[in-house]
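Undergrad: Generate coordinates for the sequence data below:
(one chain, ligands or ions: 1)
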Amino acid sequence: MASIKIENVQKAFGKVVAVDHLNLEIKDGEFFTFLGPSGCGKTTTLRMIAGFYYPTKGVVRFGDKDMTRVPPEKRNTGMVFQNYALFPHMTVFENVAYGLRVRKVGSAALKTRVQDVLRKVRLDQYSDRQVSQLSGGQQQRVALARALVIEPEILLLDEPLSNLDAKLRDEMRSEILRLQKEYKITTIYVTHDQAEALSMSDRIAVFNFGVCHQVGTPSEIYNEPVNDFVAGFIGEINLLPAEVDKIENSQVTVSAKTGEDTKKLVVHNDPFNFNPKNEGALALSIRPESVKLHSEPAGRQNEFRGKVENVEFFGSLVNATVNIDGMLLQANMLNNVKTNLQPGADVWAELPEDQIRIIPVVSGDPA
Ligand SMILES: Nc1ncnc2c1ncn2[C@@H]1O[C@H](COP(=O)(O)OP(=O)(O)OP(=O)(O)O)[C@@H](O)[C@H]1O
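TA: The predicted structure follows:
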């Protein structure tokens, strides 16, 4: 196992700066995810950790050891690529054995180690099969076995499930987590799928345009996003352009634009909800599951009259789109909540003050 430190790293390809000002610390044995849209620099960062790219600036360390310019074969990292990069006409056994042969491991030890790891990924029955005759999920397991057999200190997984169908993806998620816990191996997982990141990771780094916006546990990233990009990329969120009117003890009064109108709202002022040092454009944010709908006025703070525009039924969850003076607000509720949610019905939407966050806008107009 090893911890990883990325210190002030930049990677430029000619004029394209793929990653900039990157500082990360990944702990021993941690399952750490790089999350972000296509082209945001996740793979480039992973490749700098594997040694396939050297940073333009900055330092990469494993533990305290400077690895910045150490070639990949001297790093003791195992990598699983998006397309698996297996040898299709070799057997499962030979694919997995390859890294050990390169490392000149003797034949008896090699056989034991390959058989052990094939058992761990539940492919021991397939050892003589050609890889081209395996299903996608089985090929994925061969790729994992090949990365694990060399007993790496660090496991690097680049969108390893993107070629699998939804059901198989679920199965392989659990499989990867099981192996990660069993080997207690420091793991970096690259994905653009927020559900995958939230459900698998100890911590997540959220990237956009080569910059890491936030590092935190899944619940920190979801409940305390630092800006509108993180808030919008992870889960659904309502964002309204907002201005702070006044801050008084534990309360912040804000004006939020709702389409044609401006509404005054009161926001609970704890350090997560609003940082008075934030300058520039701000947005009021609230998750759809935090919006409460009432079929009659309930006389609550931050309660606004609107009209139900649309209702979508998802089984356990119901989503309503409510029009408040031209602003469309999303509200989710459990199917067992009795509210008159017919399109066209009047409804009173309550935005509880402790569920609202005021966050900086970094990705343009939130409306
Ligand atoms: N070898 C390269 N030469 C030039 N530009 C590159 C190279 N590799 C990556 N880039 C550019 O760097 C940026 C980041 O790419 P990167 O592959 O790291 O993103 P990503 O987040 O992994 O995206 P994806 O999810 O699509 O793989 C992109 O703008 C990309 O075009």
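Undergrad: Report how many residues lie close to residue 102.
TA: For residue 102, the count of nearby residues is 10 (other Cβ atoms under 10 Å). Where C-beta positions appear, they are placed from N, C-alpha and C, glycine not excepted.
Undergrad: ditto for residue 156
TA: Residue 156, neighbours per other Cβ under 10 Å, totals 23.
Undergrad: gap between residue 50 and residue 159?
TA: As judged by Cβ to Cβ, to the nearest Å, residue 50 and residue 159 stand 14 Å apart.
Undergrad: For the residue of the stretch 151-300 of the chain found nearest the ligand, which residues are in contact?
TA: Going by Cβ to the nearest ligand atom, the ligand is nearest to residue 192 of the stretch 151-300 of the chain, at 5.3 Å. Applying Cβ atoms under 8 Å, 6 or more residues apart in numbering to residue 192 gives the contacts 35, 36, 37, 38, 42, 159.
Undergrad: among those residues, which ones are buried?
TA: Applying 16 or more other Cβ atoms under 10 Å to the contacts of residue 192, the neighbour count classes 35, 36, 42, 159 as buried.
Undergrad: Switch the residues you listed over to JSON lines; also include secondary structure, distance to residue 235 and pLDDT.
TA: Output for these, formatted as JSON lines (DSSP: H, G, I helix; E, B strand; the rest coil; distance: Cβ to Cβ, whole Å; pLDDT from 0 to 100):
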{"residue": "35", "secondary structure": "strand", "distance to residue 235": "12", "pLDDT": "97"}
{"residue": "36", "secondary structure": "coil", "distance to residue 235": "15", "pLDDT": "95"}
{"residue": "42", "secondary structure": "helix", "distance to residue 235": "19", "pLDDT": "96"}
{"residue": "159", "secondary structure": "coil", "distance to residue 235": "20", "pLDDT": "91"}
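Undergrad: Filter those residues to keep only those in contact with the ligand.
TA: With the criterion set as Cβ under 6 Å from any ligand atom, the members of the buried ones among the contacts of residue 192 near the ligand are 36, 42.
Undergrad: Identify, from the buried ones among the contacts of residue 192, the entry nearest to the ligand.
TA: The shortest approach to the ligand among these belongs to residue 42, at 3.7 Å (Cβ to the nearest ligand atom).
Undergrad: quick one: the residue nearest to residue 210 when sequence neighbours are not counted from the ligand, how far?
TA: Residue nearest to residue 210 in three dimensions, not counting chain neighbours: residue 41, with 4.2 Å by Cβ to Cβ, 6 or more residues apart in numbering. Remark: distance between residue 41 and the ligand (Cβ to the nearest ligand atom, to the nearest Å) = 4 Å.
Undergrad: so residue 41 makes contact with residue 205?
TA: No - when contacts are counted by Cβ atoms under 8 Å, residue 41 is not listed as touching residue 205 (10.4 Å).
Undergrad: residues shared between the contacts of those two?
TA: Between them, residue 41 and residue 205 share no contacting residue under Cβ under 8 Å, 6+ apart.
Undergrad: Quick check: mean pLDDT of stretch 195-207?
TA: Averaging pLDDT along stretch 195-207 gives 96.
Undergrad: Can you give me the buried ones in it?
TA: Neighbour-count burial for stretch 195-207, counted by 16+ other Cβ under 10 Å, picks out 196, 197, 198, 200, 201, 203, 204, 205, 206, 207.
Undergrad: So the first one: helix, strand or coil?
TA: If I follow you right, that is residue 196. Using DSSP: H, G, I helix; E, B strand; the rest coil, the structure places residue 196 in helix.
Undergrad: what's the closest non-adjacent residue to it?
TA: That would be residue 173: by Cβ to Cβ, 6+ apart, it lies 6.7 Å from residue 196.
Undergrad: How far away from the center of its chain is the one helix or strand that neighbour maps to?
TA: Following DSSP states H and E, one finds residue 173 within helix 166-183. Relative to its chain's centre, helix 166-183 lies at 16 Å (Cα atoms, centre = their mean, to the nearest Å).
Undergrad: what's that helix packed up against?
TA: If contacts are counted by 3 or more Cβ pairs under 8 Å, 6 or more residues apart in numbering; DSSP states H and E, helix 166-183 sits against helix 136-149, strand 154-158, helix 194-200.
Undergrad: For the residue nearest to residue 98 when sequence neighbours are not counted, the count of nearby residues, please.
TA: Of all residues not flanking residue 98 in the chain, residue 146 sits nearest, at 6.8 Å (Cβ to Cβ, 6+ apart). Neighbour count for residue 146, taken as other Cβ under 10 Å: 26.
Undergrad: Now name the helix or strand holding residue 240.
TA: strand 238-248.
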